[in-house]
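**Q** Predicted model and sequence follow; I will ask about them next.
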Amino acid sequence: MAGLVPVLDKKSTDDLNLSVLQRFDPDVEDILVKAGHVAQYILNTEQMQWAKGEVEGSMFVVKRRSQPRFKFIILNQRSTENLVQDILGDFQCEVSKPYLFYRHNGEVSGIWFYNEDECDGVVKLVQRIQGMFKANTVLPPKPKLEPKSAPSANPPAVSAPPPSQPEPVSHGTPIDINMLLGQTSATGAAAPEPQAPAPAD
């Protein structure tokens, strides 16, 4: 019947998604994991408030033929500008379901997942990729330098999340949201989590 929509199997869907991603990045060779619907939030570090970003859509963790070998890509439904992020190097992240928080170029962002199981899948894969990268990376020896001055006797303490919030589970580099920020608010309180958006129609 003319009104019926063909149902694609998983392989056909994956092949279709891969071809779409390769239009934006021809070096993408494989989709490692995907999430059906996510939304970006950006933290205003002066006001310690979250604002919804301009990116919303499907998320893919991909393997590439060239460097950087692994990225996540969000195919943006709100504009033609997709969100693309290298997940190696200095990428730092933390998970507090249904959010994945990360810092890049001094900006703290949060990715909200409609499906918490998909959030788990993405975080576990990123953790595994980062672990493999660190295991295969040989760092050069550090040069021996004499310190110019003695370190402070009272180093600043790292702020812990307030008791009212559950302790987040860190992945990759062990950090908390305040370490991602590099600062706290004027009152010393941690940044609140963003409010989840209503499910898309």
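**A** Everything's here; your move. Numbers count the residues shown, from 1 in each chain.
**Q** list the buried ones in the longest helix anywhere in the chain?
**A** As assigned by DSSP state H, the longest helix anywhere in the chain is helix 116-135. Buried residues in helix 116-135, defined by neighbour count with 16 or more other CB atoms under 10 Å: 118-119, 121-123, 125-127, 129-130, 133. In this view, the C-beta of every residue, glycine as well, is placed from N, C-alpha and C.
**Q** cool, stretch 46-61 as well?
**A** Buried residues in stretch 46-61, defined by neighbour count with 16+ other CB under 10 Å: 48, 50, 53, 55-61.
**Q** Quick one: those residues as TSV, columns for secondary structure, distance to T13 and pLDDT too.
**A** Formatted as TSV, those follow (DSSP: H, G, I helix; E, B strand; the rest coil; distance: CB to CB, whole Å; pLDDT from 0 to 100):
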residue	secondary structure	distance to T13	pLDDT
M48	coil	40	86
W50	strand	32	90
G53	strand	26	91
V55	strand	22	94
E56	strand	20	96
G57	strand	15	95
S58	strand	11	95
M59	strand	15	95
F60	strand	12	95
V61	strand	16	94
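**Q** Can you add distance to Q22 and give those back as TSV?
**A** Compiled in TSV, these are given as follows (distance: CB to CB, whole Å):
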residue	distance to Q22
M48	40
W50	33
G53	25
V55	20
E56	22
G57	17
S58	15
M59	17
F60	11
V61	15
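**Q** Between those, which sits nearest Q67?
**A** V61 (16.2 Å; CB to CB).
**Q** is the closest one in a bridge, and if so with what?
**A** With DSSP bridges as the criterion, the beta-bridge partners of V61 are V33, F72.
**Q** Where does pLDDT dip in the chain?
**A** Across the chain, the ranges flagged by pLDDT under 70 are 1-8, 135-201.
**Q** Which parts of it are helices?
**A** 10-24, 116-135, 177-181.
**Q** from the buried residues of stretch 46-61, which is closest to A39?
**A** Minimum distance to A39 across these is 4.4 Å, recorded for E56 (CB to CB).
**Q** just to revisit the earlier point, using PDB, list the CA coordinates for the longest helix of the chain.
**A** The C-alpha coordinates for helix 116-135 follow below in PDB (Å, rounded to 0.1, in the frame of the first residue of the first chain):
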ATOM      1  CA  GLU A 116      19.800   6.500  30.300                       C
ATOM      2  CA  ASP A 117      20.900   3.100  28.900                       C
ATOM      3  CA  GLU A 118      22.300   4.800  25.900                       C
ATOM      4  CA  CYS A 119      24.100   7.200  28.200                       C
ATOM      5  CA  ASP A 120      25.700   4.200  29.900                       C
ATOM      6  CA  GLY A 121      26.700   2.700  26.600                       C
ATOM      7  CA  VAL A 122      28.400   5.900  25.400                       C
ATOM      8  CA  VAL A 123      30.300   6.500  28.600                       C
ATOM      9  CA  LYS A 124      31.500   2.900  28.900                       C
ATOM     10  CA  LEU A 125      32.800   3.000  25.300                       C
ATOM     11  CA  VAL A 126      34.600   6.400  25.800                       C
ATOM     12  CA  GLN A 127      36.200   5.000  29.000                       C
ATOM     13  CA  ARG A 128      37.400   1.900  27.200                       C
ATOM     14  CA  ILE A 129      38.800   3.900  24.300                       C
ATOM     15  CA  GLN A 130      40.600   6.300  26.700                       C
ATOM     16  CA  GLY A 131      42.000   3.400  28.600                       C
ATOM     17  CA  MET A 132      43.400   1.800  25.500                       C
ATOM     18  CA  PHE A 133      44.900   5.100  24.400                       C
ATOM     19  CA  LYS A 134      46.700   5.600  27.700                       C
ATOM     20  CA  ALA A 135      48.000   2.000  27.700                       C
END
